[in-house]
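Q: predicted model, plus sequence, below.
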Amino acid sequence: MSVSSTAFAAGDDAQAASVKRGAYIATASDCSACHTAPGGKPFAGGLGIVSPVGTIFSTNITPSATAGIGQYTEEQFARAVRAGVRADGANLYPAMPYTSYKVLTDADIQDLYAYFQHGVAPVNTVPERTALPFPMNIRLSMMAWNLLFLGSGHSEADAAQSPEWNRGKYLVDGAAHCSTCHTPRGFLMQELSGRYLGGAQVGQWYAPNITSDAISGIGSWSKDELARYLATGSLPGKAQAAGSMGEAVEHSFSQLTPDDISAISTYIKTAAPLRDASDEQSRFGYGKPFSQLASLRGANPIRSDTDEQASGAVLFYGNCASCHQASGQGSKDTYYPSLFHNSVTGAANHSNLIATILNGVNRTTPKGQAFMPGFGGKANDINALNDAQVATLANYVIENYGRASTPVTPADVAQVRAGGPTSSLLLLARIGIAAAVIVGLAIVLLLIVWRQRRARTA
């Protein structure tokens with residue numbers, strides 16, 4: 001992974017061009033999403049990333065000499081981005097998607113380095129440091145993980161495919177790091193290559209199957225529909241982006257050139273299909289218009305904000321129907337999407353529906369702000385619903401507008417509210433270490449006893 005050490009003089013045209021290219025690669029890589037905390041300065045770090053083994057805080061990647069990467073050489077920068085090793089030799093956690101960035105070319109790395117050294121304002125603030133529980137706090141263990149799962153960094157072009165397809169593959173597997181979220185992970189948190197883009201839980205949200213399968217994936221979408229979704233975060237009658245995907249659309253995909261969006265769409269449309277045996281039809285086709293509003297009108301007005309035992313219908317018409325309409329059809333301009341024929345309500349995994357109810361939606365689009373208030377109890381939420389109420393509301397929406405399958409429980413809501421599922425890896429690692437210590441002590445004890453007996457018989 002050699003990288004050119006070419007230096008640029010300040011103000012040089014070559015440097016300016018390199019910085020501009022690097023800014024585009026940083027946008028395609030969505031660096032700001034993780035390295036900029038809410039309300040914080042660009043790339044100054046400090047965002048808490050909830051993982052199954054604990055919260056990982058992003059680092060300062062501004063050119064600050066004291067708090068950021070201002071003293072990194074280009075070789076050190078390349079090693080951090082593509083191999084997950086800091087300048088001081090410590091290993092990064094794969095919450096930083098170096099497992100995808102490993103395919104970035106030397107030229108792109110050089111431009112990225114130029115951008116972060118000369119195109120980003122330095123911020124001399126050290127963010128909160130990551131302190132995972134033992135034994136995950138032993139970064140040295142990542143060396144073994146990398147040996148097992150990092151692989152080579154080469155991305156060879158496929159001569160049998162078009163230049164657009166190859167560009168799409170390079171972006172999807174590299175800068176855009178799509179598999180980081182959309183590919184499920186194994187016991188050791190490694191991506192399962194055999195389930196490439198087959199859907200995975202990511203914190204509170206579920207990154208769905210985006211393979212070419214027409215039932216479980218997005219094989220029913222045309223290339224143009226996929227390109228529209230990536231560029232805008234909205235595909236009326238099928239899907240809308242929220243959570244981390246909403247951030248990716250806002251900060252990354254919507255800023256890419258039409259040619260690159262087209263290339264990404266071309267490649268993803270060819271991803272090997274993966275079918276979930278439990279899927280009987282596409283998640284984009286579930287549900288139909290439904291309304292119980294007439295039965296709730298009359299002498300007893302809807303007061304979902306004061307009734308702890310409110311029914312799903314009362315919760316829906318008291319909190320949702322004013323925007324999504326009485327029959328769940330959404331607004332005519334699709335600003336508020338239909339709740340039927342919607343990927344969120346038609347999915348077997350209910351995480352995205354729960355997370356949307358709790359967190360709402362707030363992202364900038366080319367056409368303005370996409371906004372939905374949350375109901376999880378944050379400062380700006382209109383109405384705070386408890387776990388039981390969110391479960392009741394979610395079940396009402398699923399049963400009447402989506403795929404009625406496994407019901408949502410208050411425990412499900414509590415798990416999403418807390419940041420998503422945790423991993424048993426931490427507990428099992430501790431058990432393994434404890435067992436190793438016990439075995440080691442037993443061996444030492446046996447040696448002592450053996451020597452004592454030998455000494456008596458000598």
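A: Yes, it's here.
Q: how about the contacts made by Ala354?
A: One thing to correct before we go on: residue 354 is Ile, not Ala. 204, 390, 394, 408, 412-413, 416 (CB atoms under 8 Å, 6 or more residues apart in numbering). C-beta here means a position set from N, CA and C on the backbone, and glycine is covered the same way.
Q: so Ala121: helix, strand or coil?
A: Following DSSP: H, G, I helix; E, B strand; the rest coil, Ala121 is assigned to coil.
Q: mind checking how far the residue lying closest to it once chain neighbours are set aside is from Pro42?
A: Closest residue in space to Ala121, ignoring its immediate chain neighbours: Thr62 at 6.5 Å, by CB to CB, 6 or more residues apart in numbering. Here the criterion is CB to CB, to the nearest Å. By it, Thr62 lies 8 Å from Pro42.
Q: more crowded one of the two?
A: Neighbours were counted for Thr62 and for Pro42 using other CB atoms under 10 Å; Thr62 has more, 24 against 13.
Q: surely the more buried one touches Pro127?
A: No. Under the criterion of CB atoms under 8 Å, Thr62 makes no contact with Pro127, lying 10.8 Å away.
Q: and the gap between the residue nearest to Ala121 and Pro122?
A: For Thr62 relative to Pro122 (CB to CB), the value is 5 Å.
Q: so what sits against both of those two?
A: 68, 70.
Q: circling back to that earlier point, need the overlap of contacts for Thr62 and Pro42.
A: Counting by CB under 8 Å, 6+ apart, the residues touching both Thr62 and Pro42 are 120-121, 123.
Q: and the residue nearest to Ala121, helix, strand or coil?
A: coil.
Q: contacts only, for it.
A: Neighbouring residues of Thr62 by CB under 8 Å, 6+ apart: 41-44, 68-70, 116, 120-123.
Q: how about the residues you listed in CSV, adding distance to Ile354?
A: Formatted as CSV, those follow (distance: CB to CB, whole Å):
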residue, distance to Ile354
Lys41, 32
Pro42, 31
Phe43, 31
Ala44, 31
Gly68, 37
Ile69, 37
Gly70, 42
Phe116, 37
Val120, 36
Ala121, 38
Pro122, 40
Val123, 35
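Q: just the buried members of those residues?
A: Neighbour-count burial (16 or more other CB atoms under 10 Å) applied to the contacts of Thr62 gives 41, 43-44, 68-70, 116, 120, 122-123.
Q: low pLDDT regions in this protein?
A: By pLDDT under 70, the weakly predicted segments of the chain are 1-11, 153, 296-308, 423-430, 432-433, 436, 449, 454, 456, 458.
Q: that one: strands as residue ranges?
A: Using DSSP state E, the strands of the chain run over 48-51, 54-57, 200-202, 205-207, 234-235, 239-240, 361-365, 368-372.
Q: need these in CSV (columns: mean neighbour count).
A: Formatted as CSV, these follow (neighbours: other CB atoms under 10 Å):
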stretch, mean neighbour count
strand 48-51, 18
strand 54-57, 18
strand 200-202, 19
strand 205-207, 24
strand 234-235, 20
strand 239-240, 24
strand 361-365, 17
strand 368-372, 14
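Q: can I get the ones you listed in TSV with distance to Ile443?
A: Listed next are the strands of the chain as TSV, based on distance: least, CB to CB, whole Å:
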stretch	distance to Ile443
strand 48-51	35
strand 54-57	32
strand 200-202	41
strand 205-207	46
strand 234-235	62
strand 239-240	58
strand 361-365	58
strand 368-372	60
